[in-house]
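K.L.:
no sequence for this one, just the structure:
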Ligand SMILES: Nc1ncnc2c1ncn2[C@@H]1O[C@H](COP(=O)(O)OP(=O)(O)OP(=O)(O)O)[C@@H](O)[C@H]1O
């Protein structure tokens with residue numbers, strides 16, 4: 001496979017929901033993303049992998065308006081949302097699950113979920129009830145403080161909270177971070193379920209094999225630039241990607 005050439009870009013663009021196009025981005029004077037281009041299509045799970053510091057989280061932060069692209073575009077359903085405020089991006093239909101500190105520990109599960117709906121003007125009760133049906137664990141622990149949840153349970157809560165806005169795109173930063181393998185598998189299974197219910201997912205994952213294992217396509221980011229992109233199964237089988245990025 002050659003870098004950036006094997007995906008049929010024309011086909012892939014037809015039902016693209018979210019894209020970064022030639023984006024440079026960073027923090028203050030420090031450039032992290034360098035001419036970064038990638039896209040997420042309807043129905044997909046796309047996994048971003050790459051070494052520490054490659055800029056994976058920076059892609060999500062730029063897509064979510066926490067960073068403004070220095071150059072290039074972030075498009076959502078064709079509209080340029082680069083630099084739009086996160087609270088407006090949430091209303092547009094993009095949810096974000098940060099890697100750490102993604103729940104309010106001193107609030108209950110029910111309160112955390114309600115916080116997920118503050119940007120909605122309509123009645124969120126039916127949505128909350130649906131989420132309790134889908135995540136019985138949260139229903140059971142409605143009145144418990146989030147700080148008393150296990151790591152895996154917190155990830156489920158963070159995921160569910162992002163779903164209160166009924167996004168059509170979810171950006172998820174390292175859902176397996178800090179979790180034991182079995183627990184991580186449970187979280188990945190929930191991510192797949194969310195996707196099956198019609199939410200496209202752009203996910204950053206350190207555990208590249210597991211992340212790609214549940215994904216349709218993947219990108220390998222290195223030094224702020226996409227080095228490889230392909231179907232996830234092709235990336236998993238690619239010798240060069242395996243040697244350089246998947247631990248051989
Ligand atoms: N708030 C910040 N201010 C300045 N530099 C930052 C900030 N956040 C991240 N960086 C730097 O940007 C670069 C890319 O960070 P980023 O978190 O996007 O990488 P990553 O690929 O997600 O890495 P990791 O797998 O370690 O989380 C790193 O060099 C990091 O030190």
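P.N.:
Arrived safely, thanks for sending. The shown structure was predicted, so the numbers you read here are calculated from the model rather than taken from an experiment. Residues are numbered from 1 along each chain as shown.

K.L.:
use CA for all of it now, contacts and neighbours both
P.N.:
Noted.

K.L.:
check what pLDDT the closest residue to residue 15 other than its chain neighbours gets.
P.N.:
In space, not counting the residues next to it along the chain, residue 15 is nearest to residue 41; the distance is 5.5 Å by CA to CA, 6 or more residues apart in numbering. Looking at residue 41, its pLDDT stands at 97.

K.L.:
wait, isn't residue 41 in contact with residue 76?
P.N.:
No - counting by CA atoms under 8 Å, residue 41 stays clear of residue 76, with 10.5 Å between them.

K.L.:
now do the shared contacts for the two.
P.N.:
17-18 (CA atoms under 8 Å, 6 or more residues apart in numbering).

K.L.:
which residues does the residue nearest to residue 15 bridge with?
P.N.:
residue 16 (DSSP bridges).

K.L.:
and it, how close does it get to residue 66?
P.N.:
Remark: distance between residue 41 and residue 66 (CA to CA, to the nearest Å) = 22 Å.

K.L.:
kindly report the same for residue 115.
P.N.:
Counting by CA to CA, the gap from residue 115 to residue 66 is 19 Å.

K.L.:
quick one: residue 61 and residue 74 touch, right?
P.N.:
No - using CA under 8 Å, residue 61 is not in contact with residue 74; the gap is 11.2 Å.

K.L.:
for the chain, what spans make up the helices?
P.N.:
9-13, 56-63, 86-92, 109-115, 125-134, 136-140, 151-163, 181-196, 208-213, 232-237, 239-245 (DSSP state H).

K.L.:
if I pick the residue lying farthest from the centre of the chain, what's in contact with it?
P.N.:
Within the chain, residue 143 marks the point farthest from the mean C-alpha position, 27.6 Å out by CA atoms, centre = their mean. Shown in contact with residue 143 (CA under 8 Å, 6+ apart): 108-110.

K.L.:
change it to 10 Å
P.N.:
If you count contacts by CA atoms under 10 Å, 6 or more residues apart in numbering, residue 143 has them with 107-111.

K.L.:
which parts of the chain sit against the ligand?
P.N.:
Counting by CA under 6 Å from any ligand atom, the chain comes close to the ligand at 27, 32, 52-58.

K.L.:
again, only this time at 5 Å
P.N.:
27, 52-58 (CA under 5 Å from any ligand atom).

K.L.:
ok, of the residues you listed, which one's closest to residue 157?
P.N.:
Residue 157 has its nearest neighbour among the residues of the chain next to the ligand in residue 57, at 20.1 Å by CA to CA.

K.L.:
surely that closest one meets residue 174?
P.N.:
Yes - proximity of residue 57 to residue 174 meets the contact threshold set by CA atoms under 10 Å, at 8.7 Å.

K.L.:
so what sits against both of those two?
P.N.:
48, 98-99, 203-205.

K.L.:
quick one: those as CSV, columns for neighbour count and pLDDT too.
P.N.:
Output for the shared contacts of residue 57 and residue 174, formatted as CSV (neighbours: other CA atoms under 10 Å; pLDDT from 0 to 100):
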residue, neighbour count, pLDDT
48, 28, 98
98, 19, 92
99, 18, 89
203, 26, 98
204, 28, 97
205, 23, 95
